[in-house]
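Trainee: Predicted structure and sequence below. I'll ask about it afterward.
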Amino acid sequence: MALLDVSDITVRFGGIVALDGLSFDIDEGQICGLIGPNGAGKTTMFNVLSRVYHADEGTVDFDGHDLLAVPAHGIAKIGVARTFQNLALWPGMTVLENVMVGAHTHSKQNFLSAALRIGTRADERRLKARAWEILAELDLTDMAHHPAAGLPFGTLKRVELARALAAEPRLLLLDEPANGLTHSEVESLGELISNLRDTHSLTVLLVEHHMALVMSVSEKVVVMNFGAKIAEGTPSEIQQHPEVIEAYLGSGA
Amino acid sequence: MSEALLHVSDLEAAYGAVKVLHGIDFTVNVGDISVVLGANGAGKTTTLRAICGQVHTSGSIAFHGAEIIHEATADIVRRGIAHVPQGRGTFPELSVTDNLEAGAFVRKDSEINDDIEKWLEIFPVLGERRGQLAGSLSGGEQQMLAVARAMMSRPRLLLLDEPSLGLAPIIIEDLFGRLAAINADEGMTMLIVEQNANLALAVASHAYVLEAGTIAISGEPEVLSGDEAVRRAYLGY
Amino acid sequence: MFLLAVSIDTDPELLLARVLDGLRFGSGYGALALALVMIYKATGVLNFAQGELALLGIYIAWAFSVGWGWPIIVAVILAIFITATLAAGIERTIIRPFDPSNHLPLVIVTLGLFLAINSFVAVTWTTDLKALPSMFPSGNVFAVGVAHLTWSGLGMFITVFAMLGAVTLLLNRTKIGLAFRAVSSNIESAELVGIKVGQTLQFGWALAAAIGTLAGALLVPELQVLDPNVMLSTLVFAFAGAALGGLDSPKGAVIGGILVGLIRNVVVQSVSFIPSELSVGAAVFVILLVLLVKPSGLFGSSKVVRV
Amino acid sequence: MKRSKRCLGLIATALAFTLIAASCGDDGGEASTATTAAPATTADAGTTTAAPTTTEAAPVSDGTFDLGGGAVLDTNECPSGWDDTQGLTDDEIRIGISLPESGALAGFGTIAEGMQIFFDNADPIDGRSVTIVSRDDGYESGRTVTNVGEMIDTENIFAFSHILGSPNNLAVRDTLNEECIPQLYNATGLPNWGDPSNFPWTIGQLLNYSTESLIWCDYFASEFGEGTTVAALYANNDFGKSYQKFFEQCAPELGLEILATELHDPNADTVQPEVTTLAASGADIFVVGTTGASCPRAVGGARGVGWGATIMVSSTCQNIGLFWGPLHSQAAGAAHGIQIISTTKDIGDPRWADDPWVMKVRSELEAAGIDPDAGAQQTGYAFAEQLDHVLREAAANGGLGRANVMQASWQQNWEAQNALPGSTIQTDGANDAYIVEAGEISMLNLPPDAEAGSWVAVTGELIDVEGDLGSFAG
């Protein structure tokens, strides 16, 4: 049964239609690849799901919640987390601190208890322990105390993934996680994503241009162009799809 | 047979206390496309930034016979090196034509406007958007603009840092085709850092593999494609 | 005392008088806001010392005109050159050594400059009140009741828009203007096309100081008397104008400044439930309301980046 | 020359109730005991009954001193180790003062020098000379606190006198009252210093801003008549509101009509928005209850929009060179004819050229190498007359001692040479807690073609509201 059901989403910026009646769904536990040319609207779709952009039409159902009724700061609470194409980390904070910020969604603190400093210490300890676990899982322990600024791009993408995981999401939105990685590094990233899906009971929506990664980990692929869906199917179906080859993959694929 | 344009020897570089390059040596010949492969964090980007004077370095960088290692970036550009940095590096708040005009900043000749028209013809998609702000272009268009902007300085050496980053496969294919054409038509020497090793090696005349701040393997593309370890790590077959 | 009910003065002569006051003072705020925007565009830093650089220029102009008896226009032009040169020196010696991408230390440096210049002016010229002559003829273009359009008010308004036109031409039609826009947009890429970033920012500081000095020389005669605190609240209004217009838009700065003048003189004075004794706070509050609706200001670019 | 106070009975009654309201409303009844006596006695001040003379007030044997009007100074509450005669040596009376000798108000730093010149030329008091110990506070109240603390600890100070500045005096008032050290003749016009019931060790001297607004009322009503219209600008702070509070009470009582009132942000760069609004009222009189640069800005702004009202400015804006010269060079003639209240003999005024006091000031300052027409030494010299008087009164009635000096201060009745002829200095504890309560109206003579201006008397009549304000009680 579908965990995420996107139906007829339309987004307009001024005169430009960025998303044009887009519909697709993802079953619980599935890894779904979202591909398409630059400017097709993939990141716009992510921004609708993480409530950065307002959808002019359509609905998004997440596990029975009307996702479009949840405010941007509330989506982590109901179990949606994302990474960003061009990174959204705090450069001056260490890797560990960046990940702890992600874990804060599940802190028991509210405004009042934080103001009164009730239970802060215990809470902080719990967050820190959780962050260390995730760093170990993603092989980031060595650079835990290194500031984010100055780390290689590929490593920072992994820190972002760790931060998203720390929020203990059910749906994980990954925006171009393979950027800056060599072929063999991309292979291990693919294995990592599959493993994380199993160990953390995740459902994953993956935007990526690295076709080897998309085709190897996805159970299902959605292809967009000009804000609309042009194809949907298994990786092998998509690789044969003439329209997809013409608009996106090109002859070399 | 061929003349060395860039000769790098014993190059070391560090960000603060973290040493990234541990003494590398290589040469780029006139008219070559040289490609640098390497894992995440191996020092590829740092190598390009070092050539442009954007990081603290020691060792020697000879460009056309002149030592440039302690020169300021703006002066290195005047000597004829153009760099397309990772993540495109355009001026998002400037129009397409203003970006190209800025690319010609170091030039004083009267052919700047002709050159702008020439590059808008070579990249027709930019020609259609000449008045548009660079920030509103799609990723592929921005990458084209970054290359054209770099070419506007009429460089003798073009440095490209992961030009395929974030681009759709079909666009990457197109871009590399155009780079090969620029190399052939203009005789432009290039040093390219690239993760898409298959495509890069297809256009390259020489290639290097950087591992943990040192050059592990170098040679003709065929030499690298013949290497078992290189194949597994970078080519995927 | 104010009533907690909305009532608006409707006397047309008074309304006209307030509009004219608002345009007059607003032109001065807009001119100073233009100086702020130049530095902000180039560096992303709000220069808290901008008002004090203008203050220094005003006192230099005062020394030339009142002290030495030179014509005020000559005095102002000399003051503009002196402050521009000084600002270029300040950029080279105490701004450039700092990492341009780390804004906090730079803001603190400008705060330090603010205090240093203010003390220098107070020590050099004392805190006694002075008067700076106007560059425009005295008298009115017309007067109806309390409403007066003075020649100086008209002159200020025209000068500010002429200044805006000159800055726009400079930015869009000259090589240094292109370099300035390139540095504002992306410092690293600017270096990579061979632009000397330091010299370009130095030019920005000098230009901003020149604009600020002219702004002060326009505004201060309208304030009747001059003391070393004169630019403090003026700077607050200029900041508000720049924020209202959009911090990175020269046109927005000038129009924002004029709107702040109108808000202060017309809206705050006319609407009874806004306590006018909080003129600074009330004007800033009205602006906050505008920014709540349009955070990038009226003419600011909200950065649209497609990927 | 003293004119009849035909309006003041009305004011007195009004104010008596005002003061009760102020004390109950503002301070939760803290001072209610002090003000219960106020109605009867303030009303009395409307008649010409003289206040009790100092000779009747003697120290009471149990350590308490009756200051008048129910206010009592109780030395039993002083800290253990307190000494009534500390700071008195065999040949010296040591007086402390904290002043701005640096910073924006550094010009006032020479007040201490002028005071010392006065005492150097005076006869010994009870066989002792007076030594003025001065410290620089740069007009920062934090430094005033430090200065006063250090002087108490290391300088053997008998009393403090003429500390300058409202915030500076407020900052040390609690400490000096707890330590039972006299804080005499604060050089500021805040009405708060007339509060012997709560702060018996603190007394002011200058014409205070509330009293000043009463004199305005009386002058406007008698000179311009009933139905005269007024528009007023006040600084939005304690200073401006001291004017506003009392002017708004006395004006309707005397048939003046306030058409418009504006408060302005004291830190604003211009008061034009407020002045334009006031000018549109077309009132006959423009009251300028503000100071600093806002003073000339208000006048210039009013004349700039063609408002021909009679302008009355705060007494704090008296200095012609400081305030009106700059306005004159900006808008020649704009300040010509503005009016102000003067309370003392201006030593530069030709009227007093033959006055014995003025001649004495001039000759003694000149003998000390000081130009009497420049600098603040002449101000300090004039201040010293008041201090000298109470020290002598105390010495003659019960002997020099801190408590006795305070009692002499709260029980005065004499005529100062420095004051305008006809005005008397009277205090009676909580019944009458203010020293200078009379003044005359002066007008600025600074026509468009003039090089320099001067204040000239308008009528030469003294307006005296002696005793009308009672005490601060709030």
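Mentor: Looks like it arrived, so ask away.

Trainee: From now on I want contacts and neighbour counts done on CA atoms only, so please keep to that.
Mentor: OK.

Trainee: Wasn't residue D:297 part of a helix?
Mentor: Yes - judged by DSSP: H, G, I helix; E, B strand; the rest coil, residue D:297 forms part of a helix.

Trainee: what's the burial count for the residue nearest to it when sequence neighbours are not counted?
Mentor: Leaving out its chain neighbours, the residue that sits closest to residue D:297 by C-alpha to C-alpha, 6 or more residues apart in numbering or on different chains is residue C:224, at 5.6 Å. Number of residues near residue C:224 (other C-alpha atoms under 10 Å in any protein chain shown) recorded here: 29.

Trainee: Could you pull out the strands in the stretch 351-474 of chain D for me?
Mentor: Here the stretch 351-474 of chain D has its strands, by DSSP state E, counting those that start in this stretch, at D:413-414, D:425-426, D:438-445, D:454-457, D:463-464.

Trainee: picking that back up, what residues are up against the residue nearest to residue D:297?
Mentor: Counting by C-alpha atoms under 8 Å, 6 or more residues apart in numbering or on different chains, residue C:224 touches C:131, D:296, D:297, D:300, D:301, D:327, D:330, D:331.

Trainee: Once you drop chain neighbours, what's closest to the fourth one?
Mentor: Nearest non-adjacent residue to residue D:300, counting by C-alpha to C-alpha, 6+ apart: residue D:334, 5.9 Å away.

Trainee: The one you found belongs to a helix, doesn't it?
Mentor: No - applying three-state DSSP, one finds residue D:334 to be coil, outside a helix.

Trainee: Redo the contacts of residue C:224 as TSV? Include secondary structure, pLDDT and neighbour count.
Mentor: Conversion of the contacts of residue C:224 to TSV gives the following (DSSP: H, G, I helix; E, B strand; the rest coil; pLDDT from 0 to 100; neighbours: other C-alpha atoms under 10 Å in any protein chain shown):
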residue	secondary structure	pLDDT	neighbour count
C:131	coil	92	22
D:296	helix	94	29
D:297	helix	94	24
D:300	helix	95	28
D:301	helix	94	26
D:327	helix	92	28
D:330	helix	89	22
D:331	coil	89	21
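
Trainee: Nearest residue to the residue in the stretch 201-350 of chain D positioned nearest to chain A in space, please, no chain neighbours.
Mentor: When distances are taken as C-alpha to the nearest C-alpha, the stretch 201-350 of chain D reaches nearest to chain A at residue D:237, 34.2 Å away. Closest residue to residue D:237 apart from its sequence neighbours, by C-alpha to C-alpha, 6+ apart: residue D:266 at 7.4 Å.

Trainee: That neighbour contacts residue D:235, correct?
Mentor: Yes - using C-alpha atoms under 8 Å, residue D:266 is in contact with residue D:235, at 5.5 Å.

Trainee: who's more crowded, these two?
Mentor: residue D:235 (25 against 20).

Trainee: which residue ranges form the strands in the stretch 1-150 of chain A?
Mentor: A:2-13, A:16-27, A:31-35, A:57-62, A:65-66, A:80-82.

Trainee: For the nearest residue to residue A:25 once chain neighbours are set aside, give the beta-bridge partners.
Mentor: Of all residues not flanking residue A:25 in the chain, residue A:5 sits nearest, at 4.4 Å (C-alpha to C-alpha, 6+ apart). Taking DSSP bridges as the rule, residue A:5 bridges to residue A:25, residue A:61.

Trainee: Could you give the number of residues near whatever residue of chain B ends up closest to chain C?
Mentor: For chain B, the residue closest to chain C is residue B:74, as judged by C-alpha to the nearest C-alpha, at 3.9 Å. Neighbours of residue B:74 under the rule other C-alpha under 10 Å: 20.

Trainee: ok, now the one 5 residues further on?
Mentor: Using other C-alpha under 10 Å, residue B:79 is surrounded by 18 other residues.

Trainee: Return the residues in contact with residue 176.
Mentor: Went with chain A since none was named. By C-alpha under 8 Å, 6+ apart, the contact set of residue A:176 is A:84, A:85, A:206, A:207, A:208, A:209, B:166.

Trainee: Switch to chain D, please.
Mentor: The contact partners of residue D:176, by C-alpha under 8 Å, 6+ apart, come to D:182, D:183, D:201.

Trainee: Buried ones from these, can you make that a PyMOL selection?
Mentor: Selection of buried members from the contacts of residue D:176 for PyMOL, criterion 16 or more other C-alpha atoms under 10 Å in any protein chain shown:
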select buried, chain D and resi 182+183+201
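
Trainee: Buried residues, stretch C:228-238. List them.
Mentor: C:228, C:229, C:230, C:231, C:232, C:233, C:234, C:235, C:236, C:237, C:238.

Trainee: Over to stretch D:223-233?
Mentor: D:228, D:229, D:230, D:231, D:232, D:233.

Trainee: gap between the two ends of that stretch?
Mentor: 21 Å (C-alpha to C-alpha, to the nearest Å).

Trainee: Any chance you could list what contacts it?
Mentor: D:220-221, D:254-264, D:274-275, D:278-279, D:281, D:283-290.

Trainee: Kind regards, and thank you for your time.
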